[in-house]
Every structure is written in structure tokens, then in C-alpha cells.
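Trainee: this is a predicted model, with the sequence first.
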Amino acid sequence: MCIYAFVMRFATRSFTNDSGEYLIFAKYVSKPLPRQNEDVQIWQFTFSQEEIEKIRKYEDSNIRHYFALICGRKGLKNSEIALLSLNDIKDCLDVDYQRPSYRITIKSEKGKHGLRAYGTGRADKNLDGSDNTIRLPRDIASCFRGSKIEASV
């Protein structure tokens with residue numbers, strides 16, 4: 001499987017395979033936010049009002065929508081791709097609530113499997129301190145299992 005990285009605000013790519021039709025949106029952040037704890041890295045993705053309006057209109061029907069949040073690292077070595085479904089994106093952003101800005105944070109913790117996602121609409125911790133993030137697998141290809149892929153731009 002080949003994933004294309006676009007250094008743009010919001011890039012799209014669609015493809016079909018034996019499992020169905022997919023529309024992929026990509027956003028890129030070149031490096032994690034500076035932190036004192038090197039065992040935890042976070043990337044913040046901001047969304048414009050225009051992007052939020054588009055997301056509000058999307059519905060999973062015959063086409064599955066995914067959002068590839070590309071978490072860059074120096075020289076791209078060991079960069080990560082967080083793949084979120086349309087429901088995950090809407091949950092993290094809380095697109096039904098009007099606010100001046102929207103963001104999603106992707107978190108990587110040393111020693112923990114997968115990535116974590118939270119945002120303006122979903123706190124990373126519950127009131128009792130327990131984890132409230134969405135867990136994302138690093139095996140993004142598992143979302144697109146199928147024998148034949150036909151891509152279109």
C-alpha cells in the first residue's frame with residue numbers, strides 16, 4: 001500500500017478495493033510540539049472553518065471517509081500516520097458545536113501500542129482522570145483490506 005503525503009491544508013485521494021470505496025483526506029504537521037518529556041510526543045492539527053463546514057456535510061454511505069493525519073518527525077524518519085474515521089473526526093472536533101477554532105491532537109507515548117486522538121470536542125482525560133482518547137492502530141493498512149485497489153485523483 002502506498003500513502004501519499006501532501007504538504008497542503010487539506011488534500012484528498014479516493015480509491016476502491018474489494019471492501020468498498022474510500023475517500024482519504026490528508027493533513028500534515030512537520031514536527032511534534034516541543035515537550036520536556038521525550039517519552040510523550042504530540043502533534044496538533046488545526047482545522048479552518050471552511051474545513052469544518054465540509055466535514056459537517058460528509059456522511060458515510062457508499063463511500064467511507066478517512067482522515068490521514070500525518071505526524072512528521074525530523075527528516076520524516078519514524079513519522080506516524082494517524083488514520084481516523086469520519087465518526088472519530090466528528091467526535092474529536094465536535095463539529096456540531098460552533099466555536100472559533102477546532103483542533104485534533106495526536107499523542108504517541110513510549111511503551112504504549114498505537115496512537116491516541118483527542119481534540120476540541122473530546123478531552124484526553126475523563127473527570128476521574130481515566131483515559132478518554134480514541135485509540136488508533138499503527139497498522140493503517142488493516143482499514144483497507146482487499147485484493148485490488150483502483151486509485152483516482
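Mentor: Structure received.
Trainee: can you list the weak-confidence ranges in this structure?
Mentor: Applying pLDDT under 70 to the chain flags residues 1-19, 60-61, 142-153.
Trainee: what sits against L84?
Mentor: Counting by C-beta atoms under 8 Å, 6 or more residues apart in numbering, L84 touches 66-67, 69, 92, 104, 117, 134, 136. C-beta coordinates here come from the backbone N, C-alpha and C atoms, glycine included.
Trainee: which of the helices or strands spans it?
Mentor: Secondary structure from DSSP states H and E places L84 in strand 80-85.
Trainee: so what are the sheet partners of that strand and their directions?
Mentor: In the sheet, strand 80-85 lines up against strand 63-71 (antiparallel) (DSSP bridges).
Trainee: which residues of this structure fall in strands?
Mentor: 11-17, 20-29, 40-47, 63-71, 80-85, 102-109, 115-119, 134-136, 150-152 (DSSP state E).
Trainee: any chance of those strands in a markdown table, with distance to K54 too?
Mentor: Shown next, in a markdown table, are these (distance: least, C-beta to C-beta, whole Å):
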| stretch | distance to K54 |
| --- | --- |
| strand 11-17 | 10 |
| strand 20-29 | 9 |
| strand 40-47 | 10 |
| strand 63-71 | 10 |
| strand 80-85 | 15 |
| strand 102-109 | 12 |
| strand 115-119 | 16 |
| strand 134-136 | 21 |
| strand 150-152 | 19 |
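Trainee: of all those, which one is nearest L127?
Mentor: Using C-beta to C-beta as the measure, strand 115-119 is the one of these that comes nearest L127, at 14.5 Å.
Trainee: can you state the direction angle for that closest one and strand 102-109?
Mentor: 150 degrees (axes from the mean of the first three to the mean of the last three C-alpha atoms, to 10 degrees).
Trainee: touching strand 115-119 from outside, list them.
Mentor: Against strand 115-119 from outside (C-beta under 8 Å, 6+ apart): 69, 71, 80, 82, 84, 88, 92-94, 102-109, 124, 131-136, 138.
Trainee: contacts made by stretch 104-113 with the rest, please.
Mentor: For stretch 104-113, the external contacting residues (C-beta under 8 Å, 6+ apart) are 32, 38-45, 47, 69, 71, 80, 82, 84, 89, 92-93, 115-120, 124, 133, 136-138.
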